[in-house]
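> coordinates for the following, if possible.
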Amino acid sequence: MNKDSRIYIAGHTGMVGSAILRLLKERGFTNFITSTSASTDLRNQAQVNDFFEREKPEFVFMAAAKVGGIFSNNTYRGEFLYDNLMIEANIIEASRVHHVKKLLFLGSSCIYPKMAPQPINESDLLTGPLEYTNEPYAIAKIAGIKLCETYHDQYGCNFISVMPTNLYGPNDNYDLNNSHVLPALIKKFHTAKQNNLPSVVIWGTGKPKREFMHVDDLANACLFLMNNYDEKEFVNIGYGEDITIKELAELVKNIIGFEGEIEHDLSKPDGTPRKLMDSSKLRNLGWSPSISLEHGIQTVYEEVKNRL
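A predicted model of the protein is given here:
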């Protein structure tokens, strides 16, 4: 990509898309194409085709998606499958038709089997059953990967896919009805501290282990791969270490300064027992993350605490 290349960031207002846009601006890129859902419904093929015909992007970062935590994924299963299938299919096909030079599709670590061996390698895709609670979202993301791979084979499109681990950072979602675990914990402990509550309740046993990466690290990895990787096989993007939900809750509790207790709601599901990405492929290409979990949470909390 050149500094004046026409770059379309689908989902530029979301956490991932805004991080990519922020990084590209910092690196001196100037020619951005953006559009909100109010002006272009990415689920609508005709609108997406008209948008590509009008704007003529050269490079596409495909960060648009319908996202949420366990509750949202499990409650709105049809919406999560349909919306994400339509969004990715329309953008990938329009990128082919309008001769986009390169596209980067962002997937999710939930594409892997629930009981995948740890750490999870790219070769573990489609080797076992998915976690039920987010199966529709995972199936949609798998379809996006396969679209990029098959378009690479049939049409010669330079469309690559990346699978990020659990993310956090600026522009995260703190709505407890549909947020992911880390922003949900930040919101819960902050609220408990502000209201002098005796305890904070977390879902499940706290035993599942998760890996977390700051979204600025992800953006950095995406730009690195956009410039340095052209193979059809997708690439894991992970931090390289995991932590139990219980340990994460203790870390957030300490950063926020809440002095009460942590209780467990055992009626709520744990989800997948463990998800640690094998990111050796990316490391071997020459990239590694730079933001520690503790420092990342501290900076995020300082930014959002007055708005929670």
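> list the buried residues for stretch 223-237?
For stretch 223-237, the neighbour count (16 or more other CB atoms under 10 Å) marks Leu223, Leu225, Met226, Tyr229, Lys232, Phe234, Val235, Asn236, Ile237 as buried. The C-beta positions use only the backbone N, C-alpha and C, and glycine is treated the same way.
> so among these, where is pLDDT lowest?
Across these, the bottom pLDDT score, 95, is held by Lys232.
> go ahead and confirm that one touches His152.
Yes - in this structure, Lys232 is within contact of His152 by CB atoms under 8 Å, at 3.9 Å.
> tell me, what's touching those two both at once?
Phe159 (CB atoms under 8 Å, 6 or more residues apart in numbering).
> which residues touch the helix or strand of the chain with the lowest mean pLDDT?
Ranked by mean pLDDT, DSSP states H and E, the weakest helix or strand in the chain is helix 70-75, scoring a mean of 77. Contact with helix 70-75 is made by Phe80, Tyr132, Thr133, Asn134, Pro136, Tyr137, Asn177, Asn178, Trp203, Pro269, Gly271, as judged by CB under 8 Å, 6+ apart.
> buried ones in that helix?
So helix 70-75, judged by 16+ other CB under 10 Å, has buried residues Ile70, Phe71, Ser72, Asn73, Asn74.
> C-alpha coordinates for that helix, PDB please?
These are the backbone C-alpha positions of helix 70-75, laid out as PDB (Å, rounded to 0.1, in the frame of the first residue of the first chain):
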ATOM      1  CA  ILE A  70     -22.000 -15.300  25.100                       C
ATOM      2  CA  PHE A  71     -25.500 -13.900  25.900                       C
ATOM      3  CA  SER A  72     -26.000 -12.100  22.500                       C
ATOM      4  CA  ASN A  73     -24.500 -14.900  20.500                       C
ATOM      5  CA  ASN A  74     -26.700 -17.500  22.100                       C
ATOM      6  CA  THR A  75     -29.900 -15.400  22.100                       C
END
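> centre of the chain to the helix or strand following that helix, how far?
Beyond helix 70-75 on the C-terminal side, the first helix or strand identified by DSSP states H and E is helix 77-97. In this view, helix 77-97 has its centroid 16 Å away from the chain centroid, taken as CA atoms, centre = their mean, to the nearest Å.
> could you do stretch 237-246 as well?
Relative to the centre of its chain, stretch 237-246 is centred 14 Å away, using CA atoms, centre = their mean.
> repeat for stretch 115-126
With CA atoms, centre = their mean, you get 18 Å for stretch 115-126.
> average model confidence for it?
96.
> sort out which residues of it are buried, please.
For stretch 115-126, by 16+ other CB under 10 Å, it's Ala116, Pro119, Ile120, Asn121, Glu122, Asp124, Leu125.
> contacting residues around the strand or helix carrying Leu147?
Using DSSP H and E, Leu147 sits in helix 135-155. With CB under 8 Å, 6+ apart as the test, helix 135-155 has contacts from 62, 66-67, 73, 77-78, 80-81, 84-85, 88-89, 92, 96, 103, 105, 107-108, 110-111, 125-126, 130-131, 157-161, 232-234.
> what angle separates that helix from helix 77-97?
Angle of helix 135-155 versus helix 77-97, following axes from the mean of the first three to the mean of the last three CA atoms, to 10 degrees, is 20 degrees.
> still on that earlier bit, buried ones only from the contacts of helix 135-155, please, as a ChimeraX command.
Selection of buried members from the contacts of helix 135-155 for ChimeraX, criterion 16+ other CB under 10 Å:
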select :62,66,67,73,77,80,81,84,85,88,89,92,96,103,105,107,108,110,111,125,130,131,157,158,159,160,161,232,234
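> brilliant, that's me finished.
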